[in-house]
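Enquirer: Here's my sequence, what's the structure:
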Amino acid sequence: MTRFPRYFVVIPVLLVLGLAGCSSVGDGGGEGPEGSAEGGVGHDSGGGEASEVGGDGGGEESAVQLDLTETFDTVRAGTRLILRYDASTMTFNGTVENTTGQTLTNVRVEIHLSNGAELGPLVIGDLPAGETRPVTLDATGQSFTTWSPHAEVGAGEANHASDRPMQGTFTPSLGGWAVMGGVPLGIENQSLGLSAAWTDATTWQLSPSGPQHQPTEAATWTGEWAGRVGSNSAIVSGDASVTVNLAGSPTADMSFKNVPGLGTLQWQNLSIMDGRFSGSNSAGQYNAVGQFGGAEQSGVAGVAWGSDLQSVFYGVKSETE
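Expert: Model (predicted):
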């Protein structure tokens, strides 16, 4: 009988073991909720190995699906992303941390919902070694049962707005407000802690809501809207105002003036909760979401959109009624 050298047996065994090892290594969030610890998803929680930094920086999306009570905690592409859903504010909140010894470039965070919607990407930008940044993504108006988050690093899909690019920018008419960088269209006021932005052609982000942001007086906030209207990709702007009424349940009325081809747009009786209002105009053609903030709720910012409108707006309290 022919005898084979021993290494002909060892090599197949090693190959089998190697393949088995590869099948058990995911991209940080590969396990489903059924494998998670009680009270949250504990994938690579703190002590797991970070993925290698380089290439596309983890462009593949996580396969994990979490329910609304679970916490995502995963190290991937050199980042540790911790996120949980707050049903009371309809926002995802958490942090993203650089677990490596080098700066991670173009960090961004996305969440995919079970209804097919995508939140983000929230652009974090360059993240130095060891630093942690807050993450908030708004899910107002979304109906979903599970969610799947992930962080991306490097080139990848840095700017989803390239599908429908906006052209140009605008100069805010009020002091303290500035155009937000890293997004197709955004406005922010750091002293008021307010920001509103479009992160791609269909997804927006807004400052967090909370009880401390609820208006305590009837007043009008005046400012500006800016955005794209119709088929024109150029950014245009006009006057905007938000008026709060406190008779009964707090509500907000909002208007955009001089919208090209549309004239004046109005939203009325939008309910306010935790400083946030949302709803559509009477014809149901245009949606709006706004957030009050700052000392004594002195500022407001938000987004408004429809099939032929994509805009941000902002303003400051100008009078007390």
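Enquirer: Next secondary structure element downstream of the helix or strand of the chain with the lowest mean pLDDT?
Expert: For the chain, the helix or strand with the lowest mean confidence is helix 7-23, at a mean of 41 (criterion: mean pLDDT, DSSP states H and E). Next helix or strand after helix 7-23 toward the C-terminus (DSSP states H and E): strand 66-67.
Enquirer: Please compute how far that next one lies from its chain's middle.
Expert: 18 Å (Cα atoms, centre = their mean, to the nearest Å).
Enquirer: After that strand, which helix or strand is next?
Expert: Going down the chain from strand 66-67, the next helix or strand is strand 71-76, by DSSP H and E.
Enquirer: List the buried residues for the very next helix or strand once past that next one?
Expert: Scanning forward in sequence from strand 71-76 by DSSP H and E, the next helix or strand is strand 79-86. Across strand 79-86, burial judged by 16 or more other Cβ atoms under 10 Å covers Thr79, Arg80, Leu81, Ile82, Leu83, Arg84, Tyr85. In this view, the C-beta of every residue, glycine as well, is placed from N, C-alpha and C.
Enquirer: likewise stretch 118-131?
Expert: Glu118, Leu119, Gly120, Pro121, Leu122, Val123, Ile124, Leu127.
Enquirer: so where is the protein shaky, pLDDT-wise?
Expert: Scanning the chain for pLDDT under 70 picks out 1-63, 155-165, 319-321.
Enquirer: and the gap between the residue most central in space within it and Trp147?
Expert: In the chain, the centroid-proximal residue (Cα atoms, centre = their mean) is Leu137; its distance is 3.4 Å. Distance from Leu137 to Trp147, counting by Cβ to Cβ, to the nearest Å: 10 Å.
Enquirer: residues shared between the contacts of those two?
Expert: Shared contacts of Leu137 and Trp147 (Cβ atoms under 8 Å, 6 or more residues apart in numbering): Phe92, Ile111.
Enquirer: Quick check: phi and psi on Met180?
Expert: When read as degrees, to the nearest 10, the backbone of Met180 gives phi -80, psi 130.
Enquirer: what's across from the nearest residue to it once chain neighbours are set aside in the sheet?
Expert: In this structure, Met180 finds its nearest non-sequential neighbour in Gly186, 3.0 Å apart by Cβ to Cβ, 6 or more residues apart in numbering. Note on Gly186: beta-bridge partners Ala197, judged by DSSP bridges.
Enquirer: same check, this time on Ser311
Expert: The partner residues for Ser311, given DSSP bridges, come to Gly227, Ala304.
Enquirer: from memory it sits against Gly227, does it?
Expert: Yes - applying Cβ atoms under 8 Å, one finds Ser311 in contact with Gly227, separated by 2.7 Å.
Enquirer: Touching both of these two, which residues are there?
Expert: The contact sets of Ser311 and Gly227 overlap at Leu185, Ala304 (Cβ under 8 Å, 6+ apart).
Enquirer: Looking at those two, which is more packed in?
Expert: It is Ser311, of Ser311 and Gly227, that has more neighbours when counted by other Cβ atoms under 10 Å, with 27 against 23.
Enquirer: Quick one: residues contacting that one.
Expert: Leu185, Trp225, Ala226, Gly227, Arg228, Val229, Phe256, Val303, Ala304, Trp305.
Enquirer: again, but for Gly210
Expert: Contacts of Gly210 by Cβ under 8 Å, 6+ apart are Thr89, Asp274, Gly275.
Enquirer: Between those residues, which sits nearest Gly193?
Expert: Gly275 (11.1 Å; Cβ to Cβ).
Enquirer: Might one say that Val64 is in contact with Thr71?
Expert: No - using Cβ under 8 Å, Val64 is not in contact with Thr71, being 11.5 Å away.
Enquirer: Between these two, which is the more surrounded one?
Expert: More neighbours surround Val64 than the other of Val64 and Thr71, with 25 against 17 (other Cβ under 10 Å).
Enquirer: re the thing from before, could you export the contacts of Ser311 as TSV, including distance to Gln291?
Expert: Converted to TSV, those look like this (distance: Cβ to Cβ, whole Å):
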residue	distance to Gln291
Leu185	16
Trp225	15
Ala226	17
Gly227	17
Arg228	21
Val229	23
Phe256	17
Val303	10
Ala304	13
Trp305	15
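Enquirer: By neighbours, which of the residues you listed wins?
Expert: Going by other Cβ under 10 Å, Trp225 tops these with 29 neighbours.
Enquirer: Please, which helix or strand holds that residue?
Expert: Trp225 belongs to strand 219-229, assigned by DSSP H and E.
Enquirer: That strand - contacts with which helices or strands?
Expert: strand 185-189, strand 236-245, strand 251-259, strand 299-306, strand 309-320 (3 or more Cβ pairs under 8 Å, 6 or more residues apart in numbering; DSSP states H and E).
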